[in-house]
Structures are given as structure tokens and as C-alpha cells.
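**Q** Turn this into a structure:
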Amino acid sequence: MKWFLVLALGLLGCGDDPPPTVSGGGTRVPGGTIGETGGTPGAGGSGGAGGAGGAQPKGACDNGSDLDAIEAAEQSVRDIARNCGLFVCAASIGNATAYGECVEGCVSERVPALSTDCAGCYGDLESCGLASLCRFQCQGSTCSTLCLDCLNGADCLTAFEECRGLPGDGCAG
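**A** Numbering: from 1, shown residues only. Predicted coordinates for the structure are as follows:
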């Protein structure tokens, strides 16, 4: 009878309960993984393989300090980058590389807690938008349908997500 009970528990399994839900409606981007040391591999069981190490960094902005800086900025970093492009870096419009570097520097200056690498993602996005002729669609709002459609069509947002290591287009909501 004891063996029957052990077999029944083994077949039914333990831990099939769904994960607990967390209440709250905050919009904070999920926490990053840069700076973590990773987990310790597990020992192999009978016929099993060892466990995997911890998660690897995803991108330039996927860390606590950059996430905090993005969240604490007085306006969206996308809008800050656009304003840098419109008002500070306009003289570099003829050179997409110089324009992107100018926007990166301006974003770093206006969001000083943001890392240079993360600010570079915003400069690269602005540079891509300029090279893809999205500047006018994005001039009024970086999160307008016209702007996002243009940037998506040019694969600028895909590169932006990969650079930042964060999902989405950087627009709120």
C-alpha cells in the first residue's frame, strides 16, 4: 500500500499550482540582470544534467541604475532624445553618425544618471530615424502612430530594443 501511495504522488506531481499573482498596476519596466553574478550550477541527479547558471545581461539599459534613471527622467527619454535632435544637434543632420553621437551626448547630459551605453541606444535610434527619413513623422511625438510605423518599417525599433535589452519602443503605456 505504501508503494501505491508513493507511485500515485509521483504520477500526480507536486507543484502544479499556478504561480502566485502580484497585485499593483505600476508601469515599471521589468528589473534587469546586468551586474548579477549568476546562479551556481546544480549537481546532476541520477541520469540528470547539472543546473544552468544565472541570467545573462540583455542590453545596455538592462540594469537597475539605468532603469531607475529612465523612470526618474522628467519626461520620456525618447522625447528628450528627440528634443536633443531638434534643438541641439540640428547642425549634424547631414551626417547620421555625427547626429547620433550628438544625441547620445545630449541625452547623457540631460539624464546624467543614465549610462553612456544606454544613452547611445537613444542616439542610435534617432540616427536610424534620420537616415530612414522618419524625422518629420517623429517631430511632433516620438510615440505617434506615424512615427512608430516609420521606425518599425525601417527596423529602427528592433535595433533599439536589442540595444537597450528592454522590450518595447520606450513609449509609456
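
**Q** so residue 60, which of the three states?
**A** On the three-state scheme (DSSP: H, G, I helix; E, B strand; the rest coil), residue 60 is labelled coil.

**Q** count of residues packed around the spatially closest residue to it that is not a sequence neighbour?
**A** The shortest distance from residue 60 to any non-neighbouring residue, by Cβ to Cβ, 6 or more residues apart in numbering, is to residue 117 (3.9 Å). For the C-beta atoms, the positions are set from N, CA and C on the backbone; glycine is no exception. Residue 117 has 17 neighbours, counted by other Cβ atoms under 10 Å.

**Q** Local confidence estimate at residue 117?
**A** Per-residue pLDDT puts residue 117 at 97.

**Q** Same question for residue 112.
**A** 95.

**Q** Just the helices from the protein, written as ranges.
**A** With helices called from DSSP state H, the chain shows them at 2-12, 64-72, 77-83, 96-110, 116-131, 135-139, 145-153, 156-164.

**Q** Could I get those in JSON lines, plus columns for distance to residue 170?
**A** Below are the helices of the chain laid out as JSON lines (distance: least, Cβ to Cβ, whole Å):
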{"stretch": "helix 2-12", "distance to residue 170": "46"}
{"stretch": "helix 64-72", "distance to residue 170": "8"}
{"stretch": "helix 77-83", "distance to residue 170": "4"}
{"stretch": "helix 96-110", "distance to residue 170": "12"}
{"stretch": "helix 116-131", "distance to residue 170": "8"}
{"stretch": "helix 135-139", "distance to residue 170": "12"}
{"stretch": "helix 145-153", "distance to residue 170": "10"}
{"stretch": "helix 156-164", "distance to residue 170": "7"}
